[in-house]
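> Any chance you can model this:
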Amino acid sequence: MIRAATENDVPEIRAMIRELAAYERAVEQARATEEQLREALFGAHPAAHALVAEDESTGGLVGYALWFPRFSTWTGTRGMHLEDLYVRPDARGGGHGRALLAALAAFCLSNGFERFEWWVLAWNERVVDFYRSLGVEFLDDWRICRLTGEGLKELAEAS
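Sure thing, here's the model as predicted:
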């Protein structure tokens, strides 16, 4: 079952974020607290939204998708950026990831979003193949740019 996340899901979402970070070999970078996630998802001005996949037999959460809206100056329309898609290892292959993506795609279409975009680690071949099976287009000509820490501070000081 796919449903919108609730505030009660925040501890389990945070736990899955840490599991995803461990899988991506970057657990030390997953510093978000439950309070930060609660504010980001359910505060006065939500920064993001989440769906969860719930195992109907146990009622436990087996996955989540966390996304936020984008805007394209080229199309003049909104779009969606999927920040995280995660399914717990023991639930993989059960259709939960596909169901989460399908629910997000349906949301995009019903809200006039023309783009649904996300990143995937190049070494994660199993997931890359899964995305290919869905008809995903990979944008090989584009590079992800990130400015953090000292570089961010130094550039800001130049303003």
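> where does His45 land on pLDDT?
His45 carries a pLDDT score of 97 in this model.
> SS state for it?
coil (DSSP: H, G, I helix; E, B strand; the rest coil).
> number of nearby residues for it?
His45 has 6 neighbours, counted by other Cβ atoms under 10 Å. For the C-beta atoms, the positions are set from N, CA and C on the backbone; glycine is no exception.
> how about it, phi and psi?
Backbone dihedrals for His45, given as degrees, to the nearest 10, come out at phi -130, psi 80.
> what's the answer for Gly151, then?
When read as degrees, to the nearest 10, the backbone of Gly151 gives phi -60, psi -40.
> Now do it, the pLDDT please.
What the model reports as pLDDT for Gly151 is 95.
> And for the one 5 residues further on?
Looking at Ala156, its pLDDT reads 95.
> Now it: which helix or strand?
Per DSSP states H and E: Ala156 is located in helix 149-157.
> in that helix, what's buried?
For helix 149-157, a neighbour-count test (16 or more other Cβ atoms under 10 Å) marks nothing as buried.
> which outside residues touch it?
Residues from elsewhere that reach helix 149-157, judged by Cβ atoms under 8 Å, 6 or more residues apart in numbering: Leu147.
> and it, how far from the chain's centre?
26 Å (Cα atoms, centre = their mean, to the nearest Å).
> Put the alpha carbons of that helix into CSV.
Only the C-alpha atoms of helix 149-157 are listed here, as CSV (Å, rounded to 0.1, in the frame of the first residue of the first chain):
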residue,chain,number,x,y,z
GLY,A,149,31.4,23.7,3.5
GLU,A,150,34.4,26.0,3.0
GLY,A,151,33.7,26.5,-0.7
LEU,A,152,30.2,27.7,0.0
LYS,A,153,31.5,29.9,2.8
GLU,A,154,34.2,31.5,0.7
LEU,A,155,31.9,32.2,-2.2
ALA,A,156,29.3,33.8,0.2
GLU,A,157,32.0,36.0,1.7
